[in-house]
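A.B. asks: sequence below, structure please.
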Amino acid sequence: MKGQLEYLARQIGTPSKMYQGTDTSDCVAASMQVQLARTQPAEYMRIAGGLIFDGKATLHGPDGGTSEIKLDKAAVWTSDGRKVRETTSELIQQSFMSYARKRFPPQPGDKNPPGGARGVFGGKGGGLTMREAEGLYENLTGRYASALAVTPGNRDAATQAVVEAARDGRSFQIGLGSDEGGHMVTLLGVRKDAKGRLMARFSDSETGSSRLMKWDKFKQLIDGIVLPSEFADPFVGARTGSSDDHGGGAIPTDPSAIGRGTTAPAPTSGGRRGTGGSALGG
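C.D. replies: Numbers count the residues shown, from 1 in each chain. Okay, the predicted model is just below:
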């Protein structure tokens, strides 16, 4: 027990160093660890402590509803053949992944969204869809968010919303794509360096470290965003806060509407509102 408490204290002290291990698809869960430990350390300790010591914890959604997350005990026995992360992260990340998959089961269009959006963000086990990532974010943090697929048609407007949210001091999840697949990271800030260059700082669970990248390069890699709702509402409409909406039963919004001020129904969005989304792995 003492060792687990020490690990949790260390995670809260240096949240950007969360590590997902190698050959795992748990980047979404690891990024949510970073998010929660960085912005709501007491809530992270409550949820993580409940999972580790009681085998379960109650999550409080942004609409006032509650749900139960349970410890995925099988996680301890599935690490053969890979560099194992610390047991605390192993249990928490696998429990986060299991919760999202059970609470937000696959829907048509989740892994093959329209509009040129990336279908699967790497991950040998498939990772999580955008809908699952949004739902997990909302239930862990108790705050509304919008999962948006970023395409060539909406990249400029979507990434400008990212800059505005980051400058407001928010951290949130970014799906980065490449020819080899994709990976979810936690954006920690967007600021100019000493040379006046705009830089993105993010936590990367593949390396267990905080990294810097030129914004122009980072911007072109963005394929998905779990964006705080107040920054996405101008694009996808205000949140109702209803229990049905929170559970993912409402009509999603076409992410290509970003910048047009429209809210046309389409099968790509996130956990609370929709039934579609890109898969995020890593």
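A.B. asks: what is the neighbour count of Arg201?
C.D. replies: Number of residues near Arg201 (other Cβ atoms under 10 Å) recorded here: 19. Bear in mind the C-beta positions are built from the backbone N, C-alpha and C, glycine included.
A.B. asks: show me the contacts for it.
C.D. replies: 187-191, 210-212 (Cβ atoms under 8 Å, 6 or more residues apart in numbering).
A.B. asks: ok, Gly50 next?
C.D. replies: Applying Cβ under 8 Å, 6+ apart, the residues contacting Gly50 are 56-58.
A.B. asks: mind doing that once more with 7 Å?
C.D. replies: Shown in contact with Gly50 (Cβ atoms under 7 Å, 6 or more residues apart in numbering): 56-57.
A.B. asks: where does it land in three-state SS?
C.D. replies: State at Gly50, reduced to three classes by DSSP: H, G, I helix; E, B strand; the rest coil: helix.
A.B. asks: tally of neighbours for Glu164?
C.D. replies: 13.
A.B. asks: part of a strand, is it?
C.D. replies: No - using three-state DSSP, the assignment for Glu164 is helix, not a strand.
A.B. asks: could you find the closest non-adjacent residue to it?
C.D. replies: Leaving aside its sequence neighbours, Glu164 sits nearest to Phe231 (Cβ to Cβ, 6 or more residues apart in numbering; 6.1 Å).
A.B. asks: and that neighbour, helix, strand or coil?
C.D. replies: Secondary structure, three-state DSSP: Phe231 is helix.
A.B. asks: wait, it touches Ala166, no?
C.D. replies: No - the criterion here is Cβ atoms under 7 Å, and Phe231 misses it with Ala166 at 9.6 Å.
A.B. asks: can you get me a residue count around Ala232?
C.D. replies: Neighbour count for Ala232, taken as other Cβ under 10 Å: 26.
A.B. asks: mind listing what it touches?
C.D. replies: Taking Cβ under 7 Å, 6+ apart, one finds 146, 148, 161 in contact with Ala232.
A.B. asks: which SSE is the second one in?
C.D. replies: Taking DSSP states H and E as the definition, Leu148 sits inside strand 145-149.
A.B. asks: could you pull up the mean pLDDT of that strand?
C.D. replies: Mean pLDDT, computed over strand 145-149, is 85.
A.B. asks: that one: partners in the sheet, and parallel or antiparallel?
C.D. replies: Strand 145-149 has the following strand partners under DSSP bridges: strand 222-228 (antiparallel).
A.B. asks: what is the mean pLDDT for the partner strand?
C.D. replies: On average, strand 222-228 scores 88.
A.B. asks: can you list contacts of it?
C.D. replies: 118, 121, 130, 133-134, 137, 143, 145-150, 158-159, 161-162, 165, 170, 172-177, 182, 278, 280.
A.B. asks: go on, stretch 163-171?
C.D. replies: Contact with stretch 163-171 is made by 35, 38-39, 172, 186-190, 227-228, 231, as judged by Cβ under 7 Å, 6+ apart.
A.B. asks: could I get these as CSV with distance to Asp23 and secondary structure?
C.D. replies: Formatted as CSV, those follow (distance: Cβ to Cβ, whole Å; DSSP: H, G, I helix; E, B strand; the rest coil):
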residue, distance to Asp23, secondary structure
Gln35, 23, helix
Arg38, 26, helix
Thr39, 29, helix
Phe172, 26, strand
Thr186, 21, strand
Leu187, 25, strand
Leu188, 26, strand
Gly189, 30, strand
Val190, 31, strand
Leu227, 29, strand
Pro228, 32, strand
Phe231, 34, helix
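A.B. asks: which other helices and strands contact the longest helix along the chain?
C.D. replies: Criterion DSSP state H: the longest helix present in the chain is helix 87-103. Secondary-structure packing of helix 87-103 (3 or more Cβ pairs under 7 Å, 6 or more residues apart in numbering; DSSP states H and E): helix 2-13, helix 27-39, strand 66-70, helix 130-141.
A.B. asks: could you redo the last one with a cut-off of 10 Å?
C.D. replies: Secondary-structure packing of helix 87-103 (3 or more Cβ pairs under 10 Å, 6 or more residues apart in numbering; DSSP states H and E): helix 2-13, helix 27-39, helix 41-49, strand 56-60, strand 66-70, strand 128-129, helix 130-141.
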